[in-house]
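J.: Fold the following, please.
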Amino acid sequence: MCRVADLRQAVLAKNDATAHELRAAFAARGTAVVNLLSSPGSGKTALLEQELLRARERAVPVAALSADLATENDAVRLARSGVPVKQVLTEGLCHLEAGMLAGHLDGWLPDDTRLLFVENVGNLVCPASYDLGETLRVTLASVAEGEDKPLKYPTAFGLAQLVVVTKTDIAEAVEFDEVAFRANVEQVNPGVEVVMTSARRGRGVGALLDRAMAAADGAPVHLPVMARQPHHHGHAHAHDGHAHAHPEAIDAMARPHS
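T.: A predicted model of the protein is given here:
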């Protein structure tokens, strides 16, 4: 067990070092990154498509990268917005890692990109422990998933800098208790903002873009209590062969852009 734990810590340490380099590279080129985490079927893609459309309307240079184990379905949907979109197939890996992200962005991400939305693999366990060098980490949950979701997945919600509730148009039908949900979020992540949305009805659409733009412009983001603790990677999963950094890709991103 000690060897397994040591391996997990080594993988996370390597990832964190790469994420630190990525964060500096993104800052140098003026790109803010939004890491979106959720369960499968949360409505993340539907909401993101609407946010990308709003970004285009506001002439915000934006791009999106979508990660899945298989199929390019989400990228096809997001591409309808008319912004640059890339699909990453993880070949069975349950999350993105910083080195993987750097490798896929090199030579693809447009130089003038102000916002990059990263739609992580649909999973609230593995992705929660991996820093991608993001500017803003957002955890989403639909009203159909239950009010106790934050308590069941404390790392995903506890490290979030913004929590978004989706599909509120069916809240009454599934008997969603917003007060209970907010209380559970507050228990694992005191002070984090919770935004209520419905991509179908338009409720809250644009709020995610607003928060992302504010972070891009240097506004302070929420600092979760869990993130202040020295060891908060409670759900780390080591995967040999997937934690490699791409220094040449990071260097390329960090070069001055005209």
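
J.: Sketch out the low-pLDDT regions of this structure for me.
T.: Within the chain, the stretches with pLDDT under 70 are 1-8, 230-258.

J.: list the helices and strands the longest helix along it packs on?
T.: Taking DSSP state H as the criterion, the chain has its longest helix at helix 2-29. Counting by 3 or more C-beta pairs under 8 Å, 6 or more residues apart in numbering; DSSP states H and E, the packing neighbours recorded for helix 2-29 are helix 98-105, helix 247-254. C-beta coordinates here come from the backbone N, C-alpha and C atoms, glycine included.

J.: hey, C-alpha coordinates of the helix or strand following that helix in CSV?
T.: Later in the chain than helix 2-29, the nearest helix or strand by DSSP states H and E is strand 32-37. Extracted C-alpha coordinates of strand 32-37, given in CSV (Å, rounded to 0.1, in the frame of the first residue of the first chain):
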residue,chain,number,x,y,z
ALA,A,32,-7.6,32.3,-19.1
VAL,A,33,-8.5,28.6,-18.7
VAL,A,34,-11.8,27.3,-17.2
ASN,A,35,-11.7,23.7,-16.1
LEU,A,36,-15.2,22.2,-16.1
LEU,A,37,-15.9,19.1,-14.0
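
J.: Sort out which residues of whichever helix or strand comes after strand 32-37 are buried, please.
T.: On the C-terminal side of strand 32-37, the nearest following helix or strand under DSSP H and E is helix 44-57. Using 16 or more other C-beta atoms under 10 Å as the test for burial, helix 44-57 gives Lys44, Thr45, Ala46, Leu47, Leu48, Glu49, Gln50, Glu51, Leu52, Leu53, Arg54, Ala55.

J.: Look up how far Phe117 lies from the first one.
T.: With the distance defined as C-beta to C-beta, to the nearest Å, Lys44 ends up 10 Å from Phe117.

J.: okay, and the common contacts of those two?
T.: Residues touching both Lys44 and Phe117 (C-beta atoms under 8 Å, 6 or more residues apart in numbering) are Leu36.

J.: Spatially central, which residue of this protein would that be?
T.: Asn35 (1.8 Å; C-alpha atoms, centre = their mean).

J.: mind listing the helices for the stretch 51-200 of the chain?
T.: 73-79, 98-105, 149-152, 154-158, 178-188 (DSSP state H, counting those that start in this stretch).
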